[in-house]
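**Student:** have a look at this prediction, sequence included:
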Amino acid sequence: MSKAKPARSTNQQKFHNPGIDEWAPLQRLIGYQFDDVGLLQQALTHKSAHKNHNERLEFLGDAILGYLVAEHLYHTFTDAPEGQLTRMRSAIVKGDTLAEIAVEHGLGDYIRLGIGELKSGGKRRASILADVVESIIGAIYLDAGTEACDEFIHRWFGARMAKLDPDFHPKDAKTRLQEFLQSRSQGLPIYEVVDVSGKDHSQTFTVSCQTTMLEEAITAQGPSRKRAEQLAAQSTLEKLQS
């Protein structure tokens, strides 16, 4: 029985059923040929663009990525304790890494966004880019299963996994900024939320970072207060070291 088409928001694009030729370049980039190309279209579709968006695929892909990376680390680093394995997995599956991988492969050019997100630079937003990588993994899983996902992850993540050091303890930007200031007998940085915009489920936080070594505070935006503080700390540290 056919279903009536849902009403479409004026901020959403109208999508047609994808053809094989239309998605051939992206499938070559991914290194995987979909049987159901509609899954690939959904994986590239942000919730601002269409009701058939990628959030559920992102949820699935996140779990699959974590599992397959954990399995790889378990078999590669046979003597590493749980803490080291957890740190290494986090380094691979964290949002920053996923966004970097998306940028390296030019995924931003393929993301489908609503008009508002498009105008606000959504194709370059780290959180959206990271979500798309996870969504593609989820789409591949539904289309072909775990083995195909594993092959994709080794193609796109393999170089990074090969460089992992179980003894490496990464320090986040806030820690590095604090240590930089303390080594110069300066006070600790002060972080302040100066703006929160967007709907409850998709907020953007603007945070300032004030230090005694700079006249003006450095501001940054992120999808959470914690992330915005890290980005503000990173920008402040780069400014101080320039």
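**Tutor:** Nice, thanks for sending it over. None of these values were measured; they are calculated from a predicted model.

**Student:** domain ranges for this structure?
**Tutor:** Listed by automatic domain parsing, the domain ranges of the chain are 20-162, 175-241.

**Student:** quick check, Pro223 in contact with Ser127.
**Tutor:** Yes - taking contacts as CB atoms under 8 Å, Pro223 lies within contact range of Ser127: 4.7 Å. C-beta: built from backbone N, CA, C; applies to glycine.

**Student:** A helix includes Val196, no?
**Tutor:** No - the assignment for Val196, made by DSSP: H, G, I helix; E, B strand; the rest coil, is strand rather than a helix.

**Student:** what's around it, how many residues?
**Tutor:** 12 (other CB atoms under 10 Å).

**Student:** ok, now Ser235?
**Tutor:** 16.

**Student:** how much space separates it from Thr211?
**Tutor:** Distance, Ser235 to Thr211, by CB to CB, to the nearest Å: 11 Å.

**Student:** how about His46?
**Tutor:** 36 Å.

**Student:** swap in Leu118?
**Tutor:** 35 Å.

**Student:** who has more neighbours, the two?
**Tutor:** Thr211 (22 against 17).

**Student:** tell me who's in contact with the closest residue to that one other than its chain neighbours.
**Tutor:** Spatial nearest neighbour of Thr211, chain neighbours left out: Pro189 (4.9 Å); criterion: CB to CB, 6 or more residues apart in numbering. If a contact means CB atoms under 8 Å, 6 or more residues apart in numbering, then Pro189 has 174, 177-178, 181, 209-211, 233, 236 as its contacts.
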